[in-house]
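Novice: Following is a predicted model, sequence given first.
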Amino acid sequence: MERDSIIYKFRRKLQIAAYCILPNEIMSKFYYRIVLHKKLNLVDPKTFNEKLQWYKLYYCPNNPLIIQCTDKYLVREYIKIKGMGKYLTSLYGVWEDAKEIEWDKLPDKFVLKCNHGCAYNILCPDKKEFDIKKATNQLNKWLKEDFGKYNIEIHYSKIKPRRIICEEYLGDRITDYKFYCFNGVPHFFYVSYDLIHDRQAQIGFFNIDGSKLPLVRNDYKSIDEIELPEFYEEMLNVSKVLCKDFPFVRVDFFIANNRFYFAEFTFTPAAAMMPLNPDKYDYEWGKLLKLMGE
């Protein structure tokens, strides 16, 4: 994976060093210029990415509910409060140190996650072949990382305590449905295959009725058509319930075993630096997101 490369690790160290020296606004503008090749306007944001930059700098870190729902463990409480607990995956355990995990009590298949960031996941499809020592070291290394500092997503930094959770194993080739919800209303979604394997993934954007949006992300292969699952309307209705409390949220689901499960909330997709092609969608989606005072 990319994160195992020397270049990736060196870049992470530079990001932490820069975070400790420069103001968040300066770093956000710098990253925005590097990734999207545009000047970031935080005074009068217009595009989707600009508004999400404002959102992640000034709104998300100061909203306790968003911090709770960014936490991959505490979000489960919110889902239950909303009456949607049946869509959660089974939870096998929670720990603040990987050395506390009682491996013999876990099932033959499981997934380990850290609650305070993205891509902190370890799959175990067969415990007999699982390297416990390697997993323990990796999990405790991740727990020491402040994920929010890498791309100025400070709501992740405010997750306390940092925990490891163990959840149900759904398979290693699941399908993701991710609903983009603006001011309490889902407006479109994307489907992805094989995100577990990072840049091998395929992504396609679709209208709520399932028709294809003429839009691609240049950093992923494109999905051009889909067949909506029989439970699509139910999944859409769940997203409508779950998104109501937020100006913007992406409600993410897993599809596996002929059913769907809640995956997570994502408040700042791609750290608010999502490359969209054609670029007009950055402006069109920006009109959908109403920030404070609009």
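Specialist: In hand now; what should we look at? Residues are numbered from 1 along each chain as shown.

Novice: Report the buried residues of stretch 266-279.
Specialist: Neighbour-count burial for stretch 266-279, with 16 or more other Cβ atoms under 10 Å as criterion, is recorded at 266-276. Any C-beta I mention is one placed from the backbone N, CA and C, and that applies to glycine too.

Novice: Could you work out the end-to-end span of it for me?
Specialist: Stretch 266-279 has an end-to-end distance of 22 Å (Cα to Cα, to the nearest Å).

Novice: Kindly report the same for stretch 63-80.
Specialist: End-to-end distance of stretch 63-80 (Cα to Cα): 20 Å.

Novice: Run through this structure and note the low-pLDDT ranges.
Specialist: The chain contains residues with pLDDT under 70 at 1-4, 194-200, 218-219, 293.

Novice: cutoff 50 now
Specialist: 1, 197, 199 (pLDDT under 50).

Novice: Tell me the spatial nearest neighbour of the most centrally placed residue in it, not counting adjacent residues.
Specialist: The centroid of the chain falls nearest to Thr266 when counting by Cα atoms, centre = their mean (4.3 Å). Leaving aside its chain neighbours, Thr266 sits nearest to Arg250 (4.1 Å; criterion: Cβ to Cβ, 6 or more residues apart in numbering).

Novice: check contacts around the one you found.
Specialist: Contacts for Arg250 were tallied using Cβ atoms under 8 Å, 6 or more residues apart in numbering; they are 178-181, 265-267, 269.

Novice: Quickly find the element holding Arg76.
Specialist: Under the criterion of DSSP states H and E, Arg76 resides in helix 75-81.

Novice: cool, and Val241?
Specialist: Val241 is part of helix 232-242, with elements assigned from DSSP H and E.

Novice: Outside of that helix itself, which residues are in contact with it?
Specialist: Under Cβ under 8 Å, 6+ apart, the answer for helix 232-242 is 79, 82-84, 87, 177, 179, 181, 184-186, 208, 210, 229, 249, 251, 253, 260, 262, 265.

Novice: try it again with 10 Å
Specialist: Residues from elsewhere that reach helix 232-242 (Cβ atoms under 10 Å, 6 or more residues apart in numbering): 69, 75, 78-79, 82-84, 86-87, 177-181, 184-186, 189, 208, 210, 226, 228-229, 231, 249-253, 255, 259-262, 265.

Novice: show me what contacts the residue nearest to Arg259 when sequence neighbours are not counted?
Specialist: The shortest distance from Arg259 to any non-neighbouring residue, by Cβ to Cβ, 6+ apart, is to Phe231 (6.8 Å). Residues near Phe231 by Cβ under 10 Å, 6+ apart: 238, 255, 258-260.

Novice: ok so Ile255 is a strand residue?
Specialist: Yes - counting by DSSP: H, G, I helix; E, B strand; the rest coil, Ile255 is found in a strand.

Novice: Helix, strand, or coil at Lys113?
Specialist: What three-state DSSP gives for Lys113 is strand.

Novice: what does the one 10 residues further on give?
Specialist: On the three-state scheme (three-state DSSP), Leu123 is labelled strand.

Novice: I'd like to know how far the residue nearest to it when sequence neighbours are not counted sits from Leu57.
Specialist: Once flanking residues are discounted, Leu123 sits nearest to Val111: 5.6 Å by Cβ to Cβ, 6+ apart. Per Cβ to Cβ, to the nearest Å, Val111 is found 32 Å from Leu57.

Novice: Asp44 against Glu50, yeah?
Specialist: Yes - Asp44 lies in contact with Glu50 (Cβ atoms under 10 Å); the separation is 8.7 Å.

Novice: re earlier: and the residue nearest to the centre of the chain, what does it touch?
Specialist: 69-70, 118, 178, 180, 248-252.

Novice: Phi and psi next, for it.
Specialist: phi -120, psi 120 (degrees, to the nearest 10).

Novice: Kindly report the same for Cys181.
Specialist: The phi/psi pair for Cys181 (degrees, to the nearest 10) reads phi -120, psi 120.

Novice: re the thing from before, closest to Phe10 among the contacts of Arg250?
Specialist: Nearest to Phe10 among the contacts of Arg250 is Pro269, at 25.3 Å by Cβ to Cβ.

Novice: what's the closest non-adjacent residue to the closest one?
Specialist: Arg250 (5.5 Å).
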